[in-house]
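*Asks:* no letters, just coordinates:
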Ligand code: ADP
């Protein structure tokens, strides 16, 4: 049986984590766990927590650590987490990184690699403001860099409805980026100090970045 593989993907908003996480999920057949997706889905369901999270997300603020840690705990306790996962959007603060270690210890799991997708600030606004996704399957597109092959039809599922995230606008993205640099980037030295961090240049095409990630993780 293939070895379990536990990966964390890090990088700025619009840096390509979600896109690359989906590609890794397809290739390695391990679940993609996105706290952003889970929180947005709770927001759509209209639960009390979901609505609280939505109000924060739509303004470009982080959701409280406790809420995200609780979500992660539930995911890591699922039996499928034993076979591997790709964490996307967690940890986003040092506190979350420490709690993740505790949660993994409790499940007798450990991280194999943390991949930082490096993208300079100048690229981010353009990438985030132009992106949209398929309502049905969540496949991601960009109005300049990655349009569906047939106009108005999702390449992955044939869906014809697309959506943009409320937080993908210029003001919000600048605030998300500032929070990333202040609160999330300090997590990188933490992983570097334990020898888990691998960095890839995220400025190429989706295929190029995918190949670079394949090389650094050795899978
Ligand atoms: P992106 O990386 O493109 O900004 P995500 O989909 O990962 O988007 O997350 C969207 C939003 O969800 C974040 O801006 C933040 O408000 C919230 N969020 C997601 N994960 C976390 C987390 N681990 N801690 C705090 N807030 C989070």
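*Replies:* Happy to help now that I have it. Bear in mind that the values here come from a model prediction, so they are computed numbers and not experimental data.

*Asks:* now the closest residue to the ligand within the chain: closest residue in space, sequence neighbours ignored.
*Replies:* Closest contact between the chain and the ligand, by CB to the nearest ligand atom, is at residue 36 (2.0 Å). Bear in mind the C-beta positions are built from the backbone N, C-alpha and C, glycine included. In this structure, residue 36 finds its nearest non-sequential neighbour in residue 89, 4.6 Å apart by CB to CB, 6 or more residues apart in numbering.

*Asks:* residue contacts, that neighbour?
*Replies:* Residue 89 is in contact with 17, 34, 35, 36, 37, counting by CB atoms under 8 Å, 6 or more residues apart in numbering.

*Asks:* switch to 7 Å and redo it
*Replies:* By CB atoms under 7 Å, 6 or more residues apart in numbering, the residues touching residue 89 are 17, 34, 35, 36.

*Asks:* please look at the first one and residue 90 and confirm they touch.
*Replies:* No. Residue 17 is beyond contact range of residue 90, at 10.7 Å (criterion: CB atoms under 7 Å).

*Asks:* now do the SS call for the residue of the chain closest to the ligand.
*Replies:* Secondary structure for residue 36, judged by DSSP: H, G, I helix; E, B strand; the rest coil, is helix.

*Asks:* up against the ligand, what does this structure have?
*Replies:* 13-14, 17, 34-36, 39, 56-57, 61-63, 68, 89-90, 92, 96, 176 (CB under 6 Å from any ligand atom).

*Asks:* take those and keep only those in strands.
*Replies:* Mapping the residues of the chain next to the ligand onto strands (DSSP state E) picks out residue 34.

*Asks:* filter the residues of the chain next to the ligand down to the buried ones.
*Replies:* Neighbour-count burial (16 or more other CB atoms under 10 Å) is assigned, among those, to 13-14, 17, 34-36, 39, 56-57, 62-63, 68, 89-90, 92, 96, 176.
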